[in-house]
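Colleague: show me how the following folds:
(2 chains)
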Number of protein chains: 2
Amino acid sequence: MQAEIITIGDEILIGQIVDSNSAFISKELNKIGVSVYQITSVQDDQDHILRSLEEAGNRSSVVIITGGLGPTKDDVTKPTLCRFFEDELVKDDEVMAHIEELFKKYINSPISDLNRQQAMVPTKAKVLHNAFGTAPGLWMKKDKVSYFFLPGVPYEMKNLITTSVLPAIIEEYERPHIVHKTIMTYGMGESAIAEKIADWEDNLPSEVKLAYLPNLGRVRLRLSAKGPDKEALLAMVEAEAKKLYPLIGDIMYGEEEDGAIEVQIGKLLIEKQMTLSTAESFTGGKIAEQITSVPGASNYFKGSVVCYATETKVKILGVPKELIDRHSVVSEEVAIAMAERAKNLLGTDFAIATTGNAGPTKGDSDADVGTVYIAISSPKGTFAQQFSMGNHRERVVKKSVGKAFELLYKEILNF
Amino acid sequence: MQAEIITIGDEILIGQIVDSNSAFISKELNKIGVSVYQITSVQDDQDHILRSLEEAGNRSSVVIITGGLGPTKDDVTKPTLCRFFEDELVKDDEVMAHIEELFKKYINSPISDLNRQQAMVPTKAKVLHNAFGTAPGLWMKKDKVSYFFLPGVPYEMKNLITTSVLPAIIEEYERPHIVHKTIMTYGMGESAIAEKIADWEDNLPSEVKLAYLPNLGRVRLRLSAKGPDKEALLAMVEAEAKKLYPLIGDIMYGEEEDGAIEVQIGKLLIEKQMTLSTAESFTGGKIAEQITSVPGASNYFKGSVVCYATETKVKILGVPKELIDRHSVVSEEVAIAMAERAKNLLGTDFAIATTGNAGPTKGDSDADVGTVYIAISSPKGTFAQQFSMGNHRERVVKKSVGKAFELLYKEILNF
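Modeller: Numbers count the residues shown, from 1 in each chain, chains lettered A, B, ... in the order given. Next up is the predicted model:
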């Protein structure tokens, strides 16, 4: 069973926003056994939208369209779908009541004529309740193809997908199951891994597909299978994974389905009832931010001292000024001192510290751009490692944050 | 002059990655006067790719394709383009030399047969040098349409766009100019703004297009114009913007082309030679991270105390325990104390502090999920404001970070 996504909006085609809606929708559809065949981003233009609706409907049984449902003049989805379905707009009283309620609760201005127009829906549409906004979702059908029109605002769209669209598809269409298992590796390139596992890959059953996903020095290996029997698929993928593990034991660190590495670190810390703090220089709070993006992080994360200026390392963290003068601020010694000071000051079991130079200029030290030290302090002691992360500021930070989590993860496993 | 983007890869269609490449490419093309008509994401499937190449070439003069150029078996772009262009692969000595060089410099393993295959290119292709990777870019032509095939790894792709693709398009095609001006507003909804500026919008010249871009409580208004004379377009957009400003003076805070609000804050601080620190509770370092994402932030940002646990607020920041006990940790008083302590401890002119409850549970305080306080401390004093940010953890944090920057921005303007 196959679906397509059409995203409408000039803002996507001029690069003003990144289309993250499609990834969310694709993932959710996959979970219920629906494959996304194509994603198409089109302009706020009636003819362009019409052609896309037509083409997508010829290929797939479900088409999900986001964007262009707002109240302003650049929103052309509703007039376009009236043309496509040969329909007209009528006022929907329930939608109108919902708009009135939202205005009463959240907005301190009278309801405008533009907002009233949001209660106008095509006569042939099934209205999908948008709990978080004034533009309702619309479900329409043509030649057995379902078209779901949703607002482009991410949290309104996400809620409509979960509460209305997925249940409708489950009710209406027979679907196979799709299972994925994604194994995360580090420290080896795509082609080296491919050679290492060539025999295994050549002998995969035809139902199981393998993909290599390289990003920022790590390669993820994704196994996928599709079919009517979920248990059989899971068993098949599991069996192949088991054959794979011994081949890559030295470079794998987990499975994506278990969550990102910061999620896995959180699980381990809760399990072991241990705590964490960070002292961040050039990473500027990104490690703390990523740790606290995990719900429940307050159970194990105490906080971070972001010391972007050298003086902050001395004043707040209490790293001795002499140590910095002797070894320079970007050094193994300072990284170790930062981690130990953070661990002691915040009273935690583990601490991560970073010091380095992300560029574009050399800053407070003589270290080359891209030279960084990452230190991990644990109840057993503290160590620091040096890395050269290249000279692309954003990548230096991202790669360092990833490396810090890898080092910490391996360390926590020892407790 | 019109272009299209095709992104190849199952990982996009199962929602495993967000396609951020397309936004980058679109933005860069726009700068040189090329409109992107459509973005299409397709599977790692030869027939699907062939159909997309065909269709895009029928509509547009330039097609940029990313992905599927890697060395592994799931990468099918090269065999597909051989079918499309009726061509075959030959070894390119320069590419081979570059691969050997990269392996010598960065990779501690012998060059594999798979890597050698990356030096195989179609005979009709112009090879585009990929400084950062082993898969070269390829420029091919069919019936006057240019097809640029690029690797999907973002930094390799970005470098190829800048150094090879844009110069080739500039050399090869006549292009109009495209100008945008995006005005950022806050505190008023899309439809209320639309009513406020209806007369102005109705009288826009036909060359100027207006779009409303709502996100997280803010609406951006984008004016766009396209034509042969860049100066005339700039003047026309500027003239319309000037008529608009008095209508929205109370809700606008800048232009997107000047950079994000944290970039504008940075410019102001450098201009005024003033400094900044933060004390973050539920925002977990996200404010610091966003500040330090601006190159040169070390000129004005000293650091942050991320106090995710209540005890950290006491131990590191020195917020009096009695104050927390008396008013609760999520309170105006504690927010103000945090901002003042950060400002004093880190010796800065300004400080931002946040305390609140992002959910999913109530944590260390009795405050409702979504209740947050944001404090700004300046040389003139300190104030805090309370907000209700809803009950969606990620949005509570994002909206609060945005609000903190708005409050700080307005405060810095007074100095």
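Colleague: determine how far stretch A:314-334 lies from the middle of the whole chain.
Modeller: 36 Å (Cα atoms, centre = their mean, to the nearest Å).
Colleague: what about that stretch and chain B, touching?
Modeller: Yes. Counting by Cβ under 8 Å from any Cβ of the partner chain, contacts between stretch A:314-334 and chain B involve A:315-316. All C-beta atoms are positioned from the backbone trio N, CA, C, and that covers glycine.
Colleague: likewise for stretch A:265-276?
Modeller: No. Applying Cβ under 8 Å from any Cβ, one finds stretch A:265-276 out of contact with chain B, separated by at least 8.6 Å.
Colleague: which parts of that stretch are buried?
Modeller: A:265-266, A:268-269, A:274-276 (16 or more other Cβ atoms under 10 Å in any protein chain shown).
Colleague: which SS class is A:Asn391?
Modeller: coil (DSSP: H, G, I helix; E, B strand; the rest coil).
Colleague: now do the contacts for it.
Modeller: By Cβ atoms under 8 Å, 6 or more residues apart in numbering or on different chains, the contact list for A:Asn391 reads A:359, A:369-370.
Colleague: okay, and which of those residues map to strands?
Modeller: In strands, judged by DSSP state E, none of the contacts of A:Asn391 are found.
Colleague: and of those residues, the nearest to A:Ala232?
Modeller: A:Gly370 (48.5 Å; Cβ to Cβ).
Colleague: tell me the contacts of the closest one?
Modeller: So A:Gly370 contacts A:356-359, A:388-391, A:396 (Cβ under 8 Å, 6+ apart).
Colleague: run the last query once more with 10 Å
Modeller: By Cβ atoms under 10 Å, 6 or more residues apart in numbering or on different chains, the residues touching A:Gly370 are A:356-359, A:387-393, A:395-396, A:399-400.
Colleague: do A:Ile17 as well
Modeller: A:7, A:9, A:11, A:152, B:23, B:213, B:215, B:220 are the contacts of A:Ile17 under Cβ under 10 Å, 6+ apart.
Colleague: quick check: the last one vs chain A, distance?
Modeller: In this structure, B:Arg220 and chain A are 8 Å apart, going by Cβ to the nearest Cβ, to the nearest Å.
Colleague: that residue is in what secondary structure piece?
Modeller: Using DSSP states H and E, B:Arg220 falls within strand B:218-227.
Colleague: who does A:Met252 bridge with?
Modeller: A:Thr185 (DSSP bridges).
Colleague: that one touches A:Thr185, doesn't it?
Modeller: Yes. The criterion here is Cβ atoms under 10 Å, and A:Met252 meets it with A:Thr185 at 5.0 Å.
Colleague: show me whatever sits in contact with both of the two.
Modeller: Shared contacts of A:Met252 and A:Thr185 (Cβ under 10 Å, 6+ apart): A:Leu221.
Colleague: and A:Leu407, that's in a strand?
Modeller: No. Going by three-state DSSP, the assignment for A:Leu407 is helix, not a strand.
Colleague: that one touches A:Tyr373, doesn't it?
Modeller: No. A:Leu407 is not in contact with A:Tyr373 according to Cβ under 10 Å; the separation is 11.3 Å.
Colleague: narrow the contacts of A:Gly370 to those that are buried.
Modeller: Looks like the contacts of A:Gly370 have A:356-359, A:387, A:389-390, A:392-393, A:395-396, A:399-400 buried, using 16+ other Cβ under 10 Å.
Colleague: got the residues you listed as CSV, with distance to A:Lys243 columns?
Modeller: Below are those laid out as CSV (distance: Cβ to Cβ, whole Å):
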residue, distance to A:Lys243
A:Gly356, 40
A:Asn357, 44
A:Ala358, 41
A:Gly359, 44
A:Phe387, 33
A:Met389, 35
A:Gly390, 35
A:His392, 38
A:Arg393, 41
A:Arg395, 34
A:Val396, 37
A:Lys399, 31
A:Ser400, 34
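Colleague: that older thread, in helices, which of the buried residues of stretch A:265-276 appear?
Modeller: In this view, the buried residues of stretch A:265-276 that belong to helices under DSSP state H are A:265-266, A:268-269.
Colleague: mind picking the two most distant members of those?
Modeller: A:Gly266 and A:Leu268 (7.3 Å).
Colleague: so what sits against both of those two?
Modeller: A:Tyr300.
Colleague: then stretch A:73-85 to PDB, C-alphas only?
Modeller: Presented in PDB, the C-alpha positions along stretch A:73-85 are these (Å, rounded to 0.1, in the frame of the first residue of the first chain):
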ATOM      1  CA  LYS A  73      -4.500  35.600   0.200                       C
ATOM      2  CA  ASP A  74      -1.500  33.500  -0.600                       C
ATOM      3  CA  ASP A  75      -3.300  30.400   0.700                       C
ATOM      4  CA  VAL A  76      -4.800  28.800  -2.400                       C
ATOM      5  CA  THR A  77      -5.400  25.200  -1.400                       C
ATOM      6  CA  LYS A  78      -9.200  25.400  -0.800                       C
ATOM      7  CA  PRO A  79     -10.100  27.100  -4.100                       C
ATOM      8  CA  THR A  80      -7.800  24.600  -5.900                       C
ATOM      9  CA  LEU A  81      -9.500  21.500  -4.300                       C
ATOM     10  CA  CYS A  82     -12.900  22.900  -5.300                       C
ATOM     11  CA  ARG A  83     -11.700  22.800  -8.900                       C
ATOM     12  CA  PHE A  84     -10.200  19.300  -8.500                       C
ATOM     13  CA  PHE A  85     -13.200  17.700  -6.900                       C
END
